[in-house]
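Asker: dropping the sequence and predicted coords here.
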Amino acid sequence: MNTTPDIHIFAYGSPENPREHRVATLSNTLPGACKIQEMNLKQQINGGETLTFSVPANHEEAGFVMRGYWAVFRDMDGTYRAFVIQEETERHGQGEMIREVYCEELAVVELNDEVVTDIRPQNTNARDALNRLLEGSLWQSGTVDDLGTGSTNFYYESRMSGIKKIIKEWGGEIRFRVTIGADNTITGRYVDILVERGRRTGKRFEYTKDLTSVERITDMKPIKTALYGRGKGEETDSEGYGRRLTFADVEWKKENGDPVDKPLGQEWVGDPDALAVWGHVNPDGTRRHRFDVYTNEEQDDKKELLKETWEELQHRNKPEITYKMNVLDLEQVNAGEYSHEAVRLGDTVAVIDRNFTWDVQIEARVSEIERDFIAPENTQITLGNVLKDITGVVREIQERVEEKIGRDDPIGWLRGIIDAARSEFHSQNGYVYITDEDGILITNRPKDNIDNPPDKAMQLKHGGLAIAGSRNPDGTFNWETFVLGDQVIADRINTGRIRTDNVTVGDDAGQVRISGGNVTIKGGGLEVYSTPDASDAGVMIRGNKITTNFIKNADFDDQPSGDEGIDWRLMGNARYNLSAGRIDIDVSSNMGPQHGVVQEFPVFNPRAKFQALFRCNVTRGSATNRVRFYWFFYDSETGERFDELEYREELATYQEWHLLTHTIDFPPGIVRAKLYVQAWTDGEDMANGFEIHWVRGYYDELVRQDQLLEYPRDLHSVQAAPEIQQFSISIVVTRDLDTGTFSAGNMYFPRTFSDPGALGRIAVILTGVDGYSAFFNYGAYNINRSGFELRIKPRGSISANTTLNMNGIAYRVAYLGSTGGNI
């Protein structure tokens, strides 16, 4: 079923036709229409939306797909969305040219290009503020929910900037839309501000149904445990503004019902619970706050400022957790049958994936959708605002770790599972019910216990046994384990030994099979690590590609030997932190870059990627903090150093963590290299100013396709596998030709050739294929990897509307011999 919406291309007004008007329709359902080959809509709550799509460049209506024109389509809820084509690119496809475009929302483009000078909505609602902001523009307020009263100002800034201020002051979420009239013109442009986009639909994404992959991202960078509060500036005699309002004169006490203690004179408020979990650790083991500043330029009440600052802190005192998912958009597969599976931006959905280290069972809002209208299985969804407090989870993990460390006798994972299961099994009762409908049903609590109903059950019927370890949200048992006459089906199996002739894991999309002593992997790869937590880089085999880390002692698990030929040699102020397993660098004022570690390694591949994870503890002043890679290269014949390379990056002010990544192409003729990993600053003296946590070096591909094409070679280095392409050319003569040389334009090869190098060449041979070939000469000029210019020189008169046909052969060689002679 095709669910790709038609895209209507609108031209903007002109003196002949001043209204925006439709000039073309791209469609996968209308006969003869220009087909849409790719179409992706990326949506983000209050973050703007973008549209990308591609069409065949040779279709006559593709000429209207050009920069500045508008792309309008009806979304899955029947609302018209308008975008401006900002970028266009043409590329070779499979036998045809493809035109790709990138579009941004019409509202964002137009409202960013208009400036308001001085508008001050005070003590009013969001609709009034929006109406005053949009007055005189092409846009008007649409649906605006009741968001209370507030105040702000728009002063020499764009209307789009003003909309963002409204959202910051009143809250809510933006939506832009347009309406189209019967005359195919845009009749209205609307800005909606809703309390919250989306609905709570009960939609559940489940692994193996419509959830193909889940990636959980935990970002600690925004965490703050205390905030300074800053309000409106105090008015001065000169009608200006001076020092900002603070809440230093406001006192909070928990015994009076306040959420936290805040003494008089203190200009900040902190969260002690967040401090205990996320605060920086002092040398004595105590914690210190992570500070930031909250500012509300309109707030002139000290007590309200303190309340606002505390509320803001509750949004920033824990990591930001997002889930990125690849999902199958079932609504696009069959809108009639799966309309209940619809998902929209802002919807609150449930996600269930029991394949993580611990079960993923979360409820969260859809904060971003990248919808693929052509291939619904490629739709990606990002979840934010996870409705689960991670602080409690972290404390639970800490307690488990401390408990495990306190035991002297480690317990194997399987034995631990068996012991825990045995203990739980024997501690519970069993309540038995026998009926013709349910067979024999055994539950862990009475069925009629309304306050605490059973959540585990076993059911025995003719031909099989079913086991449930939980209940579904609708109250039914979640049957996931079955013992049938010919098979056992289970969501999870823990066992010590399996003896079988054949093991198959997965399905057609990705499968591992062990049979007859062989391991076959389809649709995936093999990863091998030497540590249980995969902390080393390991070896990864995927398809025809092998990736490995060649840096020794990459995680600083061992004391550096001091010999750079064995592993690491420390430099300058660098020292090894044995307890933490890292490198610490003490900093001093105006220190140079000669502080860090160095290691020598052999070079086996022309390209490698390097990574190093730094932590910067320099958080005072405005010093410039820098990190870098530096390489020395050594000649394969003499062993002498002949070249060097540097890559450095500056850290943002107060930036804590930094991953330095760079890929280099090694100079030809080197046999070994040295890698320096270093950090330095212009700041004041400080112990442990920088930390290096790990370093990696990867050869992206041990064997690449272009290397395979280089062999075998003959004695003269001529390739045994040159590249050859065949093609045909038809030229229609549009006017009478007589004498002279005429250019027929650029001809393109079916595919782009590889680079022939300095000694190579791409050549073209052309041959006429019909009777007209006797009437003209032809040749290829300005030959490059993509094509050539065709020139024609008539031998006699050639009439208009004549078709000239040629066959061509183009070939690439990386080496040309030379010869000569005399006439």
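Answerer: Nice, I can see it.
Asker: please make it C-alpha for all contacts and neighbour counts, starting now.
Answerer: OK.
Asker: residues near the closest residue to residue 562 other than its chain neighbours, how many?
Answerer: Leaving aside its sequence neighbours, residue 562 sits nearest to residue 569 (CA to CA, 6 or more residues apart in numbering; 4.1 Å). By other CA atoms under 10 Å, 19 other residues sit near residue 569.
Asker: from residue 180, how far off is the closest residue to residue 582 other than its chain neighbours?
Answerer: Spatially, and ignoring its direct neighbours in sequence, residue 582 is nearest to residue 693 (5.0 Å; CA to CA, 6+ apart). Distance, residue 693 to residue 180, by CA to CA, to the nearest Å: 58 Å.
Asker: same check on residue 298?
Answerer: When distance is defined by CA to CA, residue 298 is 40 Å away from residue 180.
Asker: helix or strand for residue 368, which one?
Answerer: Using DSSP states H and E, residue 368 sits within strand 360-372.
Asker: what strands line up against that strand, and which way round?
Answerer: strand 38-44 (antiparallel), strand 348-353 (antiparallel), strand 380-384 (antiparallel) (DSSP bridges).
Asker: need the contact partners of the last one.
Answerer: Just to be clear, that refers to strand 380-384. Residues outside strand 380-384 that contact it (CA atoms under 8 Å, 6 or more residues apart in numbering): 320-327, 364-371.
Asker: repeat that with 7 Å
Answerer: The contact list for strand 380-384 (CA atoms under 7 Å, 6 or more residues apart in numbering) reads 321-327, 364-371.
Asker: rewinding a little: give the contact list for the residue nearest to residue 582.
Answerer: 555, 582, 583, 613, 614.
Asker: how about those residues in a markdown table, adding secondary structure, distance to residue 272 and pLDDT?
Answerer: Converted to a markdown table, those look like this (DSSP: H, G, I helix; E, B strand; the rest coil; distance: CA to CA, whole Å; pLDDT from 0 to 100):
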| residue | secondary structure | distance to residue 272 | pLDDT |
| --- | --- | --- | --- |
| 555 | coil | 33 | 88 |
| 582 | strand | 29 | 94 |
| 583 | strand | 31 | 95 |
| 613 | strand | 30 | 93 |
| 614 | strand | 28 | 93 |
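Asker: just the buried members of these?
Answerer: Buried members of these, scored by 16 or more other CA atoms under 10 Å, are 555, 582, 583, 613, 614.
Asker: possible to save those as a markdown table with distance to residue 430?
Answerer: Below are the buried ones among the contacts of residue 693 laid out as a markdown table (distance: CA to CA, whole Å):
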| residue | distance to residue 430 |
| --- | --- |
| 555 | 51 |
| 582 | 53 |
| 583 | 57 |
| 613 | 54 |
| 614 | 56 |
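Asker: ok, now which ones touch the residue nearest to residue 562?
Answerer: Residues near residue 569 by CA under 7 Å, 6+ apart: 560, 561, 562, 563, 597, 598, 599.
Asker: mind listing which of these are in helices?
Answerer: Judged by DSSP state H, the contacts of residue 569 include no members of helices.
Asker: for residue 310, what are its contacts?
Answerer: Neighbouring residues of residue 310 by CA under 7 Å, 6+ apart: residue 269.
Asker: now it: phi and psi?
Answerer: Here is the backbone geometry of residue 310 (degrees, to the nearest 10): phi -60, psi -40.
Asker: helices along this protein, start to end?
Answerer: For the chain, the helices defined by DSSP H occupy 106-112, 126-134, 159-170, 272-278, 302-316, 330-333, 390-405, 413-427, 705-708.
Asker: per-residue pLDDT, residue 411?
Answerer: Predicted confidence (pLDDT) at residue 411: the value is 41.
Asker: same check, this time on residue 554
Answerer: As predicted, residue 554 sits at a pLDDT of 88.
Asker: so that it lines up with my notes, have the first residue be 328 from now on.
Answerer: Sure, I'll start counting at 328 from here, so that last one is residue 881.
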